[in-house]
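Colleague: quick one: sequence and predicted model below, then my questions.
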Amino acid sequence: MTTPFEWTEERVEELKKLWDTGLPASEIGRRFGITKNSVVGKVRRLDLAMRRAPAPAKIEANVVTLDRLTANQCSWPMGEPGTEEFRFCGQQAVHGKPYCTEHCSIAYVASSKNKRQEKAA
């Protein structure tokens with residue numbers, strides 16, 4: 001049988017130090033072997049400064065993110081996925097293709113077999 005978690009003076013001091021470093025409540029809970037909600041509850045009872053989630057970065061009107069991408073726009077990915085800079089080309093897509101003319105020229109390269117057939121004709 002496990003013993004219930006108890007907030008000792010040492011644990012409270014450790015909680016304050018970890019909280020001040022900006023460590024997420026879920027990670028603090030993992031370190032103590034308790035839930036995130038237990039950590040947040042103790043933080044509130046101790047009246048420690050609550051942290052707010054950072055404000056979302058302002059996205060420029062001309063930046064095409066996944067939630068703004070439409071079927072007739074080029075879906076060529078630009079930047080590193082998972083970063084704030086990641087976006088899509090967004091230019092007018094070629095009819096029946098997912099990319100604009102420029103990106104179609106990169107994505108669709110004729111095979112050497114097709115090139116030989118074209119030369120033979």
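Modeller: All right, it came through fine.
Colleague: neighbours of the closest residue to V64 other than its chain neighbours, how many?
Modeller: Spatial nearest neighbour of V64, excluding adjacent residues (Cβ to Cβ, 6 or more residues apart in numbering): G90 at 3.2 Å. For the C-beta atoms, the positions are set from N, CA and C on the backbone; glycine is no exception. Residues within reach of G90, counting by other Cβ atoms under 10 Å, total 19.
Colleague: quick one, helices of this structure?
Modeller: Applying DSSP state H to the chain gives helices spanning 9-20, 25-32, 36-45, 101-107, 112-120.
Colleague: out of the ones you listed, which is closest to T83?
Modeller: Of all these, it is helix 101-107 that lies closest to T83, at 20.2 Å by Cβ to Cβ.
Colleague: quick one: mean pLDDT over that closest one.
Modeller: Throughout helix 101-107, pLDDT has a mean value of 92.
Colleague: output the contacting helices and strands for it.
Modeller: Contact here means 3 or more Cβ pairs under 8 Å, 6 or more residues apart in numbering; DSSP states H and E; on that basis helix 101-107 packs against no helix or strand.
Colleague: contacts for it?
Modeller: C74, W76, C89, Q91, V94, K97, Y99 (Cβ atoms under 8 Å, 6 or more residues apart in numbering).
Colleague: which among the residues you listed end up buried?
Modeller: C74, W76, C89, Q91, V94, Y99 (16 or more other Cβ atoms under 10 Å).
Colleague: could you dump those residues into CSV and include distance to D47?
Modeller: Shown next, in CSV, are these (distance: Cβ to Cβ, whole Å):
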residue, distance to D47
C74, 52
W76, 51
C89, 50
Q91, 53
V94, 60
Y99, 55
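Colleague: for the protein, where's the lowest mean pLDDT among helices and strands?
Modeller: helix 112-120 (a mean of 64; mean pLDDT, DSSP states H and E).
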